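A.B. asks: Got a sequence here, can you model it:
(one chain, ligands or ions: 1)
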Amino acid sequence: MPMTLGYWDIRGLAHAIKERKYSREDGNGTFVSGQWLNEKFKLGLDFPNLPYLIDGTHKITQSNAILRYIARKHNLFGETEEEKILVDIMENQTMDNHMQLAMICHNPEFGLEKISAYMKSSRFLPRPVFTKMAVWGNK
Ligand SMILES: N[C@@H](CCC(=O)N[C@@H](CS)C(=O)NCC(=O)O)C(=O)O
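C.D. replies: Residues are numbered from 1 along each chain as shown. Here you go, the predicted model:
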C-alpha cells in the first residue's frame, strides 16, 4: 500500500522525508494555499499539521516523528547504543541547521543580491546542501 505524504508544494520540513528513498516513490498529497484548511480536520490526525504521513493505519504528524518512523521501518535507526545516540544527535543537529537556514531564507534583508554575492565568494558550495556526504559504516 502506498504511503501518503502531505505537505505544501515546497521542500521545507518535508524535504528530508522525500529524500529518503523508502518514501520517494510513494503517493503524496500536495497542498497549495487554502486547500489544507479544508482537509486539515478530515484526515483523522491527532495533531493535524503539515507534513503528515499516512501509511496504512499509521497516521503521523511532526516531521521528526515521520523520519523516525521511516527509519525504524527500514532498520536505519541504529543497532548499537552508540549508533542510536548518533541518530539522535544527527536528527537534532539537522533540525538546528534547518531552522537557522529557514530564518535566513525568511529574512526580508536576505535578497537576491546577497545570494549572488555568496555564489561569487570562496564560501560558495557548488553542490546542493543535501548532497549525500556521509554513510553509516559500509551501508
Ligand atoms: N514541529 C512541526 C512543525 C510543523 C509546521 O510548522 N508546519 C507548517 C509548515 S512548515 C504548516 O504550515 N503547518 C500547517 C498547519 O499549521 O496546519 C514539524 O516538525 O512537523
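A.B. asks: What distance do you get for the closest residue to Thr94 other than its chain neighbours to Phe124?
C.D. replies: In this structure, Thr94 finds its nearest non-sequential neighbour in Ala16, 7.0 Å apart by Cβ to Cβ, 6 or more residues apart in numbering. Using the backbone N, CA and C atoms, a C-beta is placed for each residue, glycine as well. Separation of Ala16 from Phe124 (Cβ to Cβ, to the nearest Å): 23 Å.
A.B. asks: out of these two, which sits in the more crowded spot?
C.D. replies: It is Ala16, of Ala16 and Phe124, that has more neighbours when counted by other Cβ atoms under 10 Å, with 20 against 10.
A.B. asks: What residues of the helix or strand containing Met99 count as buried?
C.D. replies: Assigned by DSSP states H and E, Met99 belongs to helix 81-106. Buried positions in helix 81-106, judged by neighbour count with 16 or more other Cβ atoms under 10 Å: Val87, His98.
A.B. asks: Quick one: list the elements packing against that helix.
C.D. replies: helix 63-73 (3 or more Cβ pairs under 8 Å, 6 or more residues apart in numbering; DSSP states H and E).
A.B. asks: quick one: the helix it packs on to helix 81-106, angle?
C.D. replies: 150 degrees (axes from the mean of the first three to the mean of the last three Cα atoms, to 10 degrees).
A.B. asks: From the chain's centroid, how far away is helix 63-73?
C.D. replies: 10 Å (Cα atoms, centre = their mean, to the nearest Å).
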